[in-house]
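Chemist: Sequence plus the predicted model coming up.
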Amino acid sequence: VQLQASGGGSVQAGDSLRLSCAASGRFFSSYPMGWFRQAPGQERYFVAAISWNDDSTYYADSVKGRFTISRDNTRETLYLQMNSLKADDTAVYYCARAKPWTDYPYEFFSWGQGTQVTVSS
């Protein structure tokens with residue numbers, strides 16, 4: 001499965017963006033999926049995750065209540081709806097997949113190309 005994130009851009013604080021992650025390959029619905037982000041000079045950090053069967057979601061404290069992760073297994077696409085964006089959300093966002101049919105906490109092992117999100121205050 002290859003992953004390609006898109007939907008990033010430059011916005012003002014308080015605005016919203018929706019990121020998408022298109023997966024190519026087979027068995028997308030068997031993988032827990034997640035979003036990570038990496039700001040300049042920092043490590044890559046976990047943002048959100050969703051179970052393979054779409055019944056559970058998990059968030060970093062910094063985005064809880066503002067971001068929503070979702071998936072469409074028919075379209076083999078992962079989403080991240082980001083509301084009330086802050087300057088601190090500025091980063092490159094990556095989607096990732098974890099080992100199939102596993103429970104949280106997930107072991108992510110494959111990342112796609114990222115998409116830049118820039119939030120101006």
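Modeler: Thanks, I have it.
Chemist: who touches the residue most central in space within the chain in this structure?
Modeler: The geometric centre of the chain, computed from its C-alpha atoms, lies nearest to residue 35 (C-alpha atoms, centre = their mean), at 2.5 Å. By C-beta atoms under 8 Å, 6 or more residues apart in numbering, the contact set of residue 35 is 19, 21, 47, 48, 49, 69, 78, 80, 93, 94, 95, 96. (Each C-beta comes from the backbone N, C-alpha and C, glycine too.)
Chemist: Mind listing the residues bridging to it?
Modeler: residue 48, residue 95 (DSSP bridges).
Chemist: most surrounded residue in the contacts of residue 35?
Modeler: Counting neighbours by other C-beta atoms under 10 Å, the top entry in the contacts of residue 35 is residue 95, with 30 neighbours.
Chemist: dump the residue contacts of that residue.
Modeler: By C-beta under 8 Å, 6+ apart, the neighbours of residue 95 are 3, 5, 19, 21, 33, 34, 35, 36, 78, 80, 111, 112.
Chemist: where exactly do the helices run in this structure?
Modeler: Ranges of helices within the chain: none, based on DSSP state H.
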